[in-house]
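Undergrad: heads up, no residue letters with this:
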C-alpha cells in the first residue's frame, strides 16, 4: 500500500503528510508528542482484527454482545474477551438492559480514525 500526495492530504483534512507539516506548520511529531502514549495505546488496541471489527460495527451505533457475535461470526466467549480489552483501554462504554449488555464507542474521535481506514486500504490505494 502506498499513498500519493492527494490521498494523504485528503485523509488528513488538508494537512500534508508528505511534508510532515501539521496544524500551523508544526511537524507531526511535535503535534503528537504530548499525546504519543494514548495514541500508541489506541493503535495497539486496533491492531487485533477482532477488536478492529468490533469497533467498526460499534461505529454504526450501540450493539449488544449477541449482535456483535452474529455480525463478526465469532463465539460469545471470543467477542466478550475482545470487548473486555476494549473496556480496559477505555474505548467503549456499557449499558445494561435486563440481561443484555450494550456497548458503544466512548469517544467519537475513534470513529473518525476508523472512517479513514477504508480509504487507506481500498484497491485504488
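TA: Arrived safely. In this text, all values refer to a predicted model and were calculated from it rather than measured experimentally.

Undergrad: identify the residues contacting residue 104.
TA: 58, 61-63, 92-93, 95 (C-beta atoms under 8 Å, 6 or more residues apart in numbering). Placement of C-beta: from N, CA and C, glycine included.

Undergrad: and it, what's its pLDDT?
TA: Residue 104 carries a pLDDT value of 98.

Undergrad: that's a strand at it, yeah?
TA: Yes. According to DSSP: H, G, I helix; E, B strand; the rest coil, the state of residue 104 is that of a strand.

Undergrad: could we number from 10 for the rest of this?
TA: I'll keep to 10 as the first residue from here, and by that count the last item is residue 113.

Undergrad: quick check: it vs residue 44, distance?
TA: Distance check for residue 113 against residue 44: by C-beta to C-beta, to the nearest Å, it reads 23 Å.

Undergrad: any idea what residue 36 is bridged to?
TA: Beta bridges link residue 36 to residue 30 when assigned by DSSP bridges.

Undergrad: quick one: pLDDT of it?
TA: With respect to pLDDT, residue 36 scores 88.

Undergrad: against residue 60, how distant is residue 81?
TA: Distance from residue 81 to residue 60, by C-beta to C-beta: 10 Å.
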